[in-house]
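Q: structure of the sequence below:
(chains A, B, C and D)
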Number of protein chains: 2
Amino acid sequence: MNIGEAARVSGVNAKLIRHYESIGIIPKASRSESGYRTYTETEVHILSFVKRARTLGFSMKEIKKLVSLWRNKNRASGEVKNLALQHINEMEQKIFELQSMVQTLKHLSKNCHGDHRPDCPILNDLAGQREDL
Amino acid sequence: MNIGEAARVSGVNAKLIRHYESIGIIPKASRSESGYRTYTETEVHILSFVKRARTLGFSMKEIKKLVSLWRNKNRASGEVKNLALQHINEMEQKIFELQSMVQTLKHLSKNCHGDHRPDCPILNDLAGQREDL
DNA sequence: TTTTGACCTTCCAATGATTGGAAGCTCTAA
DNA sequence: TTAGAGCTTCCAATCATTGGAAGGTCAAAA
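A: Modelled structure (predicted):
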């Protein structure tokens, strides 16, 4: 299987597959006589694994760890769980921050006429003139 | 006021102030005889404005727009409001995505022993073996 | 007066994840 | 044989920020 087909099957585009290989996320692909990368089902499986982990918001650093844990038959589930729990915490923190920003901006927007008039509570806030919240 | 003091007052570090100047977010600072950047209250005010907008999650591109709207006395509030509303939508979308990831990962973690045993639902999911959700 | 140390300057590189393009080689089908 | 799709490598850009190196400037202490 060439890189193009591996990309189609795994859902990770060819450019990214080469990149993942270059930074050591996935093992180096074997090559055909002419130098083309060739992939087996196992390797495409790893690519799908990476794709899924990205969908779940893991960083490439974390994914590197997860892939190695997965490839290690004697892995302990504790390490994986810790990684997941830590990742959940980070995401929940991020959600909290975003919610706080949304709340502030919604409030400011509600009080902004949003027409041709120049007075704008949003700009006023940014300029340091806070209104009561 | 030198860049160091401007950084202290505005809360934007010196390195970043130079960077903001170089990409045109803030106007070029005037210089002392020896070439040091000098800042007035007005310029520090702009820096605080940028800082606050970053806190609210605006991109530098959006902030560039906001700064120019702010500096333009004849600005219409409509444009600012649209920018804010669009930004709110993007953040809410991001929150939704994060919440979905958290939900999935929490479920998988709950069913993971998290000990020395090798069986791990999190890895199983990543490897493509979805359990019922 | 010299020296120390804090502060300033510019420039270049790295981060993280991905995307883009250029230049060139290989394969397949017409 | 040639067109074009697919592959190769390498280098650069994105975004916002941080880091370091190499060197000039300023104020106060020795």
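Q: any low-confidence regions in chain A?
A: Counting by pLDDT under 70, chain A contains low-confidence residues at A:73-74, A:131-133.
Q: report the longest helix in it, please.
A: helix A:77-110 (DSSP state H).
Q: that one near chain B at all?
A: Yes: residues of helix A:77-110 contacting chain B under C-beta under 8 Å from any C-beta of the partner chain: A:77-78, A:80-82, A:84-85, A:87-88, A:91-92, A:94-95, A:98-99, A:101-102, A:104-106, A:108-109. All C-beta atoms are positioned from the backbone trio N, CA, C, and that covers glycine.
Q: go on, stretch A:3-16?
A: No: applying C-beta under 8 Å from any C-beta, one finds stretch A:3-16 out of contact with chain B, separated by at least 10.4 Å.
Q: that stretch: end-to-end distance?
A: With C-alpha to C-alpha, to the nearest Å applied, stretch A:3-16 spans 10 Å between its terminal residues.
Q: for that stretch, buried residues please.
A: A:3, A:6, A:7, A:10, A:12, A:16 (16 or more other C-beta atoms under 10 Å in any protein chain shown).
Q: what does stretch A:110-130 give?
A: Quick answer for stretch A:110-130 (16+ other C-beta under 10 Å): A:112, A:114, A:120, A:121, A:122, A:123, A:124, A:125, A:126, A:127.
Q: and chain B, which of these reach it?
A: Contacts with chain B within the buried residues of stretch A:110-130, as defined by C-beta under 8 Å from any C-beta: A:112, A:114, A:120, A:122, A:123, A:125, A:126, A:127.
Q: for the third one, which non-adjacent residue is closest in space?
A: By that I understand residue A:120. Excluding its sequence neighbours, the residue lying closest to residue A:120 (C-beta to C-beta, 6 or more residues apart in numbering or on different chains) is residue B:77, at 3.7 Å.
Q: got a list of what that neighbour touches?
A: A:112, A:113, A:114, A:115, A:116, A:117, A:118, A:119, A:120, A:122, A:123 (C-beta atoms under 8 Å, 6 or more residues apart in numbering or on different chains).
Q: show me the residue at the heart of chain A, geometrically.
A: residue A:57 (3.9 Å; C-alpha atoms, centre = their mean).
Q: separation between that residue and residue A:90?
A: Going from residue A:57 to residue A:90 by C-beta to C-beta, to the nearest Å gives 9 Å.
Q: interface residues of chain A facing DNA strand C?
A: Within chain A, the residues that sit near DNA strand C (C-beta under 7 Å from any atom of the strand) are A:13, A:15-16, A:19, A:32-36, A:54, A:59-61.
Q: just the buried ones from those residues?
A: If you count burial by 16+ other C-beta under 10 Å, the buried members of those come out as residue A:16.
Q: re earlier: and the buried residues of stretch A:3-16 as TSV, adding secondary structure?
A: Shown next, in TSV, are these (DSSP: H, G, I helix; E, B strand; the rest coil):
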residue	secondary structure
A:3	helix
A:6	helix
A:7	helix
A:10	helix
A:12	coil
A:16	helix
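Q: which residues of chain A lie near DNA strand D?
A: A:2, A:3, A:4, A:5, A:7, A:14, A:18, A:29, A:35, A:36, A:37.
Q: ok, of those residues, which one's closest to residue B:50?
A: Proximity of the residues of chain A next to DNA strand D to residue B:50 was ranked by C-beta to C-beta; the top entry is residue A:18 with 37.9 Å.
Q: correct me if wrong: the closest one contacts residue A:7.
A: No: using C-beta atoms under 8 Å as the test, residue A:18 is too far from residue A:7 to be in contact (9.9 Å).
Q: re earlier: now the longest helix of chain A, how far from the centre of its chain.
A: With C-alpha atoms, centre = their mean, to the nearest Å as the basis, helix A:77-110 stands 14 Å off its chain's centre.
Q: quick check: buried residues in that helix?
A: Neighbour count says helix A:77-110 has A:77, A:79-81, A:83-85, A:87-88, A:91, A:95, A:98, A:101-102, A:104-105, A:108-109 buried, by 16+ other C-beta under 10 Å.
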